[in-house]
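Q: What follows is a predicted protein model with its sequence.
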Amino acid sequence: MPPVPDVEQAEAAIVEHYPRLVRLAYLVLPPALGRNRRVLTAHALTQRALPRGRRAGEVAAAAAAADSVQGGVPGQRAGVAGADAGYAYVRARVLRAALEAGIPLTFRALPRRAQLPVLLPQVWGLRLFPRSGGAEELALDQWLATLDGPGRAACVLRALERLPEPEVLRVLAGAGVANPAAAVAESGDPAHDALFASPEFDPCVLQARPTDLLRRRRFARAALAAGAALTVCAALLALPGGGWGADGAAAPPYAKNAAAEQALDPAKLVRVAPTLWRTSSRTDFSAWPARGDRIGDTALLRRALAVWARPGSSVVASATPGTPPGPPMGPPQLLYAGTVDQAVVVLLYDGLRVVRYAEPRSGTSVAALDFARTDGASADTATALVLSRVDGNVRYLTAPWITGAGERDLLKPGEAPTALKLSPDGVTPPVASPAPAGSCTGWNALALTGDGATRLITDLGELTPARLTSGAPGAERDVTEGGELGDWSRIACLLPSVRSHGVRTVNAWTYAKQPLPEGEGTATWLCTRAETWAGTQDRVQAQFLTPGAPLAAQAAKAEGSRACGPREPRVLAGVLWKSKAGQWYVLAAGSAQFASLSVSGGGVSGAATGNRLAVKAPEGAQVDLAGRLTDGTKAGVLR
């Protein structure tokens, strides 16, 4: 049985295999729901597959129904997704939920969550459905409609997951199917299994059509009348009556507190002199002056502080992992207050966190509040903050010591950065966001010059951009040389795997070069370490790059590991690689600290002196890789 995955592993499996999981749920759901509702339900069930916590009983039951896999060397390509314990676990949850959604509601039992209409995601004003296929796909869809839920599940596990019949029986039993053998017998002939991969059954590639327009107009008029009535009631309730009162989107106060009122007084906000950063011993956010065209707007600052202290139900709040979202302990520092695109933005800093408050240009009833942990920042990591994201573009507020900025596409290392003109307040023009997950035709980064250095940063979906560096652990440096830019051009498309995880810096290190068997050139082994502001969930990846390949392949990954960092500056990883002649090999490489490597299991056995190994292996072999350091101690593979 595979190791029981934790919540973070389950989340990573959902993000990595999201299209496959949604397709599985869409095919298992009953066709009677209709295509639009099946699409939304499939996405909802997949997103609900993330467990609430480490519930041993539930997780163990799901893991018992999942594919067993021994932690060894991954294949050269992703291959069978079920080879990951986290994926097997979330697949079992998605399958169980999709089967439960097809159970009719009765008065004899309470409804299960999967049987109820989904709350999220929702799309208003549009009906969504996958692209239409040909006659064969239509015939397959009609045939699937004749099967019950377990029969459809057996088809999907066989056709999409490529599981053999014994594994299908085991997974179905783990999902609660009473008679798995009957479901497998009902699943029919596998001759048309390839059609399950058709766009006809892909709920992630959708077409859109409008809903009933006349009915929508009637509903809009009714909602407008109800909104006007609520506005009148709110105006009556907000008449002066003493106390703090309601501030924009803030919730009403529960009780007066003199210390809290002082912390939320706009007149007591800390405002740093514009030239303090030139003489300050600290070059972090505490040295930033107050900037923007609304720094004197007392009403705006009061709303921002009140919403921070007590966000109401209409406030959309977010926080990077490891960031406490509570109110400030004392008067915070004002970094920025101004109009940005279609919003009014306020940036505040309390020594531990940077907080962004945003409201529309007109109206104060709704607001957004974002928290980002920034303790321990320095001149290298306090270079910029995200002001806004609109229409796929990002505006940054740069540090006062930044004198120049340029936009660089990491996938085009040979091109010079495009110069950007900063405003007098240090705000950049709109910069295109990096590529979304699943589409990597370019990856934009910002080259910021100032304080005697040029630093490369990129947006990973958070308030603080991540700094990109190169070099061995403990000797990281800014990415400026052609070779370092070349390495980043081949690993940039792996950055979505660390998006929205509170990442502070990402370092890429070429730790080994390996001649390939049969004279097919020299491969490059890289280690990428994403360090977080919290410092507890750092993510490490080992990547393998063959000659002529535009992008690197992920060879191994770990979370919370000290590998490839200053505290443990070593790494070992391996892959299965196929030569042009069709021969498969186990290739492995470690950093310079390794004196010998060995591989065993899966019909493979071999050893090598030094930090590189190449052994012939059968296709799909699952092996164990180990190494011995120069001081004689043993060390395992990155995982």
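A: Looks like it arrived, so ask away.

Q: make it CA atoms for all contacts and neighbour counts henceforth
A: OK.

Q: Do a quick rundown of the helices in this protein.
A: Using DSSP state H, the helices found in the chain span residues 7-16, 18-28, 35-48, 56-64, 85-101, 135-145, 149-159, 165-174, 180-186, 213-237, 258-263, 276-279, 298-309, 482-491.

Q: Relative to Gln342, which of these is closest?
A: helix 298-309 (15.4 Å; CA to CA).

Q: Show me what counts as buried in the closest one.
A: 300-309 (16 or more other CA atoms under 10 Å).

Q: Pick the one among the residues you listed closest to Ala549.
A: Scanning the buried residues of helix 298-309 for proximity to Ala549, where the rule is CA to CA, the winner is Trp308, at 48.4 Å.

Q: List the contacts of the nearest residue to that closest one once chain neighbours are set aside.
A: The spatial neighbour of Trp308 that comes closest, neighbours along the chain excluded (CA to CA, 6 or more residues apart in numbering), is Pro327 at 5.9 Å. The neighbours of Pro327, taking CA atoms under 8 Å, 6 or more residues apart in numbering as the test, are 308-310.

Q: ok, of these, which one's closest to Thr428?
A: Nearest member of the contacts of Pro327 to Thr428, counting by CA to CA, is Trp308, at 26.0 Å.

Q: Nearest residue to the middle of the protein?
A: Arg499 (4.3 Å; CA atoms, centre = their mean).

Q: Please work out which of the helices of the chain is packed deepest.
A: helix 85-101 (a mean of 26; mean count of other CA atoms under 10 Å).

Q: hmm, back to that, so which of the contacts of Pro327 comes closest to Leu420?
A: Trp308 (32.7 Å).

Q: mind checking how far the closest one is from Ala367?
A: Using CA to CA, to the nearest Å, Trp308 is found at 10 Å from Ala367.

Q: Common neighbours of those two, please.
A: Tyr357.

Q: Could I get the pLDDT score of Ala238?
A: Note for Ala238: predicted pLDDT of 53.

Q: ok, Val345 to Thr458 distance?
A: From Val345 to Thr458 the distance is 21 Å (CA to CA).

Q: Which of the two has more residues huddled nearby?
A: Legend: neighbour count by other CA atoms under 10 Å for Val345 and Thr458, higher for Val345 (27 against 23).

Q: got a list of what the more buried one touches?
A: By CA under 8 Å, 6+ apart, the neighbours of Val345 are 336-339, 356-359, 387.

Q: Report how many residues lie close to the spatially closest residue to it that is not a sequence neighbour.
A: Closest residue in space to Val345, ignoring its immediate chain neighbours: Ala358 at 4.5 Å, by CA to CA, 6+ apart. Using other CA under 10 Å, Ala358 has 27 other residues around it.

Q: Can you give me the separation between Ala358 and Glu167?
A: From Ala358 to Glu167 the distance is 51 Å (CA to CA).

Q: One more: Arg112?
A: Taking CA to CA, one finds Arg112 at 27 Å from Glu167.

Q: so which pair among the contacts of Val345 is furthest apart in space?
A: Farthest pair in those, by CA to CA: Tyr336 and Glu359, 14.0 Å.

Q: what's the neighbour count on Val571?
A: 26.

Q: That one reaches Ala563, doesn't it?
A: Yes: if you go by CA atoms under 8 Å, Val571 and Ala563 touch, sitting 5.9 Å apart.

Q: Need the overlap of contacts for those two.
A: Leu638.

Q: Give the ranges of residues in the stretch 251-400 of the chain that sit below the confidence cut-off.
A: For the stretch 251-400 of the chain, residues meeting the criterion pLDDT under 70 lie at 251-262.

Q: partners of the nearest residue in space to Ala508 that is not next to it in sequence in the sheet?
A: Spatially, and ignoring its direct neighbours in sequence, Ala508 is nearest to Thr528 (4.5 Å; CA to CA, 6+ apart). Here Thr528 shows beta-bridge partners Ala508, Gln541, assigned using DSSP bridges.

Q: any idea how far Pro325 is from Thr528?
A: The value you get for Thr528 to Pro325, if CA to CA is used, is 30 Å.

Q: Which of these two has more residues huddled nearby?
A: Set Thr528 next to Pro325 and count neighbours by other CA under 10 Å: Thr528 wins out with 24 against 19.

Q: Pretty sure the more buried one sits against Val498.
A: No: counting by CA under 8 Å, Thr528 does not reach Val498; the two are 10.7 Å apart.

Q: thinking again about what came up before, not counting residues beside it along the chain, what's closest to the residue nearest to the centre of the chain?
A: Leu460 (4.8 Å).

Q: what's near enough to touch the closest residue to Gly151 other than its chain neighbours?
A: Nearest residue to Gly151, sequence neighbours excluded (CA to CA, 6+ apart): Ala183, at 4.4 Å. By CA under 8 Å, 6+ apart, the contact list for Ala183 reads 150-152, 154.

Q: When you compare pLDDT across those, which one is lowest?
A: Gly151 (85).

Q: Please give me every residue in contact with it.
A: Contacts of Gly151 by CA under 8 Å, 6+ apart are 182-184, 186-187.

Q: Okay, now the unreliable bits of the stretch 1-150 of the chain?
A: For the stretch 1-150 of the chain, the stretches flagged by pLDDT under 70 are 1-4, 53-84, 105-110, 114-115, 129.

Q: Cool, thanks, talk later.
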